[in-house]
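Q: Quick one: sequence and predicted model below, then my questions.
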Amino acid sequence: MASRGRRGRVPAREDEPRHDEWAEQQAPTPQGPVLPPPLPVDYGVFMQGLVQAMQTQAHTQATLQAQLEAQRTGVVGGETLVEETLETDSERGD
């Protein structure tokens, strides 16, 4: 079986590139136009937006949790479904 590189026995020759130099030489050349560097980031504004998004998410989650709990217990507008049904039936005269 053929060897796949040096195993520390034979040092690299002076005219032979070292492994880290070889990796730099093998980096692909960028295709297309070279883009300008990105604009600087205002981290204060970024953090304010992040906090606002987290607060909105927490509020939404709390609202959905309350709705789910209301559905589980059968509460609709402060009355249970059974109470609402009884009132409707009595109003109709049943």
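A: Received it, and whenever you're ready, just let me know what you need. Numbering: from 1, shown residues only.
Q: what sits up against stretch 43-61?
A: Residues from elsewhere that reach stretch 43-61 (C-beta atoms under 8 Å, 6 or more residues apart in numbering): none. For glycine as for every other residue, the C-beta is placed from the backbone atoms N, C-alpha and C.
Q: pLDDT weak spots in this protein?
A: Within the chain, the segments meeting pLDDT under 70 span 1-25, 75-94.
Q: mind running it again at 90?
A: Scanning the chain for pLDDT under 90 picks out the ranges 1-32, 73-94.
Q: Show me the strands in it, by range?
A: Using DSSP state E, the strands of the chain run over 75-76, 79-80.
Q: Show me the helices in this structure, by range?
A: Using DSSP state H, the helices assigned to the chain run over residues 19-25, 43-73, 81-92.
Q: separation between Gly44 and Gly32?
A: When C-beta to C-beta, to the nearest Å is the yardstick, Gly44 and Gly32 sit 34 Å from each other.
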